[in-house]
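Participant: model this:
(one chain, ligands or ions: 3)
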Amino acid sequence: MKIANLGFPRIGRQRELKFALEKYWRGELTQAELVQVADELKRTHWQWQADAGVELIPVGDFAYYDQVLTLSATLNALPARHREKDSQGNLLPICLDTLFRVARGRAPSGHQACAAEMTKYFNTNYHYQVPELYEGQQFSIGFEQIFDEVTQAQQLGHQVKPVLLGPVSYLHLSKTLSSFDKLSLLPSLVKTYAEILQRFAAQGVTWVQLDEPVLGLDLSPQWQQAVQWSYAELNKELNSEQNGSKGNKINLLLASYYASIAHNQAWVSELPVAGLHIDLVTAPEQLSLFASKLKQDQVLSLGVINGRNVWAADLPAISTSLAKLVTELEDRAWLAPSCSLLHTPVTLETETKLAPELKAQLAFAKEKLQELKDLRVLLLGENSGRIDDLITANLSLRKLKAQAEDKAVTARVAALTKGDSERNLAYGERIKLQRASLKLPLLPTTSIGSFPQTPAIRGLRSRWRKGEITESAYQDQIRQVTQDSIKRQLDIGIDVLVHGEAERNDMVEYFGEQLAGFAFTEFAWVQSYGSRCVKPPLIYADVSRPTPMTVDITSYAQSLTSKPVKGMLTGPVTILHWSFAREDISREMIAKQIALAIRDEVVDLERAGIRIIQIDEPAFREGLPIKASDWDDYLAWAVNAFRLSASGVKDSTQIHTHMCYSEFNETIAAIAAMDADVITIETSRSHMDLLDAFEDFHYPNDIGPGVYDIHSPNTPTEDEIVALINKAATKIPVKQLWVNPDCGLKTRTWDEVEPALKNMVAATKTLRRSLA
Ligand SMILES: Nc1nc2c(c(=O)[nH]1)N[C@@H](CNc1ccc(C(=O)N[C@@H](CCC(=O)N[C@@H](CCC(=O)N[C@@H](CCC(=O)O)C(=O)O)C(=O)O)C(=O)O)cc1)CN2
Ligand code: MET
Ligand SMILES: [Zn+2]
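Facilitator: Residues are numbered from 1 along each chain as shown. Ligands and ions are numbered 1, 2, ... in the order given. Prediction:
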């Protein structure tokens with residue numbers, strides 16, 4: 001029974017990759033030095049996996065920026081605008097800087113060009129670079145990284161299993177540059193995959209993992225056929241005489257994750273692959289279905305250790321549930337995490353401050369590999385001493401979990417009524433009161449919350465955490481930064497100000513640090529995109545808000561100006577989704593508890609004189625289940641949680657929400673049901689196309705579409721912004737429109753933000769004159 005792994009986090013236990021990348025981009029590290037850091041990380045992670053008993057080490061899970069981007073390079077499918085040419089106009093080979101230009105619009109070498117879009121990978125907080133494909137595109141092998149990695153790992157004595165996103169999922173996740181049927185590209189794509197597999201065969205590889213997470217979706221018949229055709233084709237290529245002589249026979253492991261694929265079982269079980277991986281954490285009921293249909297020579301990889309959460313597994317229970325099957329399948333059963341460990345932090349070993357009883361309940365990526373090893377011990381009954389230890393350890397875990405209840409919280413949730421999730425008046429009436437009290441001009445200008453988190457601010461916080469400066473010195477300095485950002489906004493002429501979020505390390509972790517029922521870690525970083533990481537807090541018990549969290553800093557900011565300062569909170573759905581949540585109560589229940597905590601904060605902000613409060617819900621869309629049949633249930637409780645957080649205030653208090661990285665077509669009715677007075681959304685990268693959903697729906701409340709892309713370091717001109725606002729005004733009545741940038745100004749510098757906001761205000765003034 002093999003212990004298998006689908007992928008390991010690449011960022012490094014101390015985020016070595018992040019720091020090396022950022023230094024390289026700033027010109028403080030050579031490319032050779034960056035590659036050296038990367039190679040060292042790969043070596044370490046391969047060795048850890050080998051030490052844990054993983055026989056086939058996944059290779060190809062490493063990426064300098066994003067694995068989908070690296071795959072686009074491997075397939076020679078990077079956008080032309082990011083390629084360099086020689087003096088004759090011929091394309092130069094793809095190199096690391098080409099990848100960085102695609103992702104960031106610029107790199108230490110080469111010319112600048114508009115970055116490619118990034119978006120969420122299925123229902124995760126990981127963002128991938130969206131491949132851009134054109135009609136008639138031909139694929140070929142264009143980048144050698146994965147083949148080099150296979151060689152490197154083999155030279156270190158590892159047997160490897162290269163991992164690639166499969167052709168159908170790759171195509172599914174890509175966007176087309178004009179309107180044509182993506183599936184027309186499949187033949188060339190699959191042919192290139194076959195060439196890649198042949199290269200692996202020539203390298204002595206025996207197993208290749210192709211990830212097809214699209215199997216979990218409600219696939220149309222065309223897409224189902226695309227999967228069937230692709231794998232039949234790959235199988236044909238792999239078995240053709242001509243190729244057989246070139247190297248080993250390649251076995252394909254077809255991996256699904258994040259969702260049940262039971263609805264596709266009838267034809268998935270017939271695919272000509274040597275192995276199938278199923279996510280048994282998300283959908284345990286798949287087990288008997290797929291096991292009973294497994295062919296004699298097929299392997300079933302059992303995804304039983306949760307790759308999306310950090311809790312230690314109940315190994316005795318898993319062992320019991322697998323015992324019969326494993327006896328039947330013998331060597332044909334593999335034990336694996338449910339999905340790649342990309343979404344889990346690297347290791348618990350570096351955590352020194354967690355309460356021991358909590359730490360005992362956790363397993364990060366490295367520890368999850370150990371769990372697989374222990375599970376095999378239990379299943380094979382190999383080592384009776386170890387078995388007794390594992391069972392005792394598990395019993396003590398369960399005892400600890402019983403302490404999670406806070407009776408005051410559960411009673412408060414139980415007493416909730418429908419009215420608690422409703423504002424007093426309807427939007428049409430509320431907005432009149434709000435307009436009368438706020439007296440804002442047409443097209444009010446604002447921003448989404450954060451301002452640059454400069455190295456000075458991060459450094460300050462780091463010194464405070466280490467105890468090198470006092471609490472009061474830290475608070476003083478945060479106030480100074482806040483004062484500075486208020487002054488800048490007043491100089492620029494913004495109408496609705498924000499305090500700037502200088503005090504926050506992250507929009508979720510910051511609240512997690514202050515709420516009861518949450519714990520936070522020192523190093524449990526997870527990659528969000530590129531070099532950017534997040535450290536999701538842990539929800540281990542019932543949630544409540546012991547004391548106000550943002551009232552001091554917000555009131556301070558408001559005391560500096562007579563213009564409204566917008567209070568800034570993260571909403572319950574987003575806090576839940578971007579945390580590692582307990583699994584013993586429903587997500588709906590956790591969302592309600594968080595909603596009540598945020599509601600308390602909203603009410604306190606209002607009491608302190610704050611007239612506008614934004615409750616960010618950027619993860620609202622991301623929380624949407626993979627299967628459409630589960631949407632209504634999710635949307636009902638998610639909308640209700642938001643409304644619960646927002647409905648404690650007077651009608652004259654204006655509630656904003658904010659969403660980003662979203663498509664809105666499927667959820668627009670639910671978004672309208674959230675009933676925020678104003679919603680700001682990220683739209684500029686899509687050139688306002690995302691507004692179509694709001695237009696078609698006749699979205700009734702106010703909307704602030706982002707009018708410039710903050711992800712690019714280039715300053716938007718006044719004309720560009722005027723054009724975008726004009727475009728927005730063709731879709732949404734002007735009196736409903738707000739003007740703001742996209743979110744995430746925390747990732748930029750003031751040198752970039754200030755001129756851009758000035759142009760935004762100037763553009764707005766020009767339009768107000770022409771519209772008046
Ligand atoms: N949770 C979450 N998910 C999200 C987003 C989000 O904002 N939060 N946004 C979208 C994704 N975008 C993101 C945008 C930016 C960052 C980001 O900037 N992350 C920072 C970390 C933020 C943080 O926690 N910063 C800490 C500092 C941590 C740190 O590195 N400290 C250094 C010191 C740094 C210094 O001296 O300059 C140390 O202790 O050694 C702080 O401010 O306190 C990073 O990768 O660098 C992450 C995601 C979607 N998902
Ligand atoms: C990922 S959404 C970010 C919202 C937050 N208020 C900000 O402006 O950074
Ligand atoms: Zn956002």
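
Participant: from ligand 3, how far off is the nearest residue to Glu617 once chain neighbours are set aside?
Facilitator: Nearest non-adjacent residue to Glu617, counting by Cβ to Cβ, 6 or more residues apart in numbering: Gly571, 4.1 Å away. For the C-beta atoms, the positions are set from N, CA and C on the backbone; glycine is no exception. Computed with Cβ to the ion, to the nearest Å, the distance linking Gly571 and ligand 3 is 11 Å.

Participant: what's the pLDDT at Gly571?
Facilitator: Predicted confidence (pLDDT) for Gly571: 98.

Participant: Ile3 now?
Facilitator: Reported pLDDT at Ile3 in the predicted model: 96.

Participant: same thing with the one 4 residues further on?
Facilitator: Gly7 is assigned a predicted lDDT (pLDDT) of 98.

Participant: quick one: it and Ser338 touch, right?
Facilitator: No - counting by Cβ atoms under 8 Å, Gly7 sits too far from Ser338 to count as a contact (11.6 Å).

Participant: can you pull the contacts of whichever residue of the stretch 301-450 of the chain sits closest to ligand 2?
Facilitator: When Cβ to the nearest ligand atom is the measure, the stretch 301-450 of the chain has its nearest residue to ligand 2 at Gly449, with 2.6 Å between them. The contact partners of Gly449, taken as Cβ atoms under 8 Å, 6 or more residues apart in numbering, are 498, 500-501, 507, 566, 568, 614, 616, 658, 743, 745.

Participant: also Lys368?
Facilitator: Contact partners of Lys368, counting by Cβ under 8 Å, 6+ apart, are 305-307, 313, 337, 341, 344.

Participant: what does Leu210 give?
Facilitator: By Cβ under 8 Å, 6+ apart, Leu210 lies in contact with 164-167, 193, 252-255.

Participant: how about 10 Å then?
Facilitator: When contacts are counted by Cβ atoms under 10 Å, 6 or more residues apart in numbering, Leu210 touches 162-170, 193, 197, 230-231, 234, 252-255, 273, 277.

Participant: and Trp525, by the same measure?
Facilitator: Under the criterion of Cβ under 10 Å, 6+ apart, the contact list for Trp525 reads 9, 11-15, 18, 345-346, 532-536.

Participant: spatially nearest residue to it, not counting backbone neighbours?
Facilitator: The shortest distance from Trp525 to any non-neighbouring residue, by Cβ to Cβ, 6+ apart, is to Cys533 (4.2 Å).

Participant: helices and strands around the host helix or strand of the one you found, which ones?
Facilitator: Counting by DSSP states H and E, the element that carries Cys533 is strand 532-534. Applying 3 or more Cβ pairs under 10 Å, 6 or more residues apart in numbering; DSSP states H and E, one finds that strand 532-534 contacts helix 16-25, strand 526-529.

Participant: strands of the stretch 501-650 of the chain, start to end?
Facilitator: 516-519, 526-529, 532-534, 538-544, 565-570, 580-581, 612-616 (DSSP state E, counting those that start in this stretch).

Participant: hmm, the host helix or strand of Asp476 touching ligand 2?
Facilitator: For Asp476, the enclosing helix or strand under DSSP H and E is helix 471-492. No - under the criterion of Cβ under 6 Å from any ligand atom, ligand 2 is not reached by helix 471-492; the shortest gap measures 12.2 Å.

Participant: so which elements touch the helix or strand just after that helix?
Facilitator: The C-terminal neighbour of helix 471-492 among helices and strands, as given by DSSP H and E, is strand 497-498. In this structure, strand 497-498 packs against helix 471-492, helix 551-559, strand 565-570, strand 612-616, with contacts taken as 3+ Cβ pairs under 10 Å, 6+ apart.

Participant: got CSV for the ones you listed, with mean neighbour count and distance to Arg43 too?
Facilitator: Converted to CSV, those look like this (neighbours: other Cβ atoms under 10 Å; distance: least, Cβ to Cβ, whole Å):
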stretch, mean neighbour count, distance to Arg43
helix 471-492, 17, 39
helix 551-559, 19, 45
strand 565-570, 27, 38
strand 612-616, 25, 40
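
Participant: coming back round to it: ok, so of the contacts of Trp525, who is nearest Asp689?
Facilitator: For the contacts of Trp525, the residue nearest Asp689 by Cβ to Cβ is Arg532; the value is 24.8 Å.

Participant: tell me what the closest one is bridged to.
Facilitator: With DSSP bridges as the criterion, the beta-bridge partners of Arg532 are Tyr529.

Participant: count of neighbours near it?
Facilitator: A total of 15 residues lie near Arg532 under the criterion other Cβ atoms under 10 Å.

Participant: and for the one 10 residues further on?
Facilitator: The local packing count at Asp542 equals 21, with neighbours defined by other Cβ under 10 Å.

Participant: give me the pLDDT value at it.
Facilitator: At Asp542, the pLDDT value in this model is 97.

Participant: go through the helix or strand harbouring Val160 and flag the buried ones.
Facilitator: Here Val160 is covered by strand 159-165, with elements defined by DSSP H and E. If you call a residue buried by 16 or more other Cβ atoms under 10 Å, then strand 159-165 has these buried ones: 160-165.
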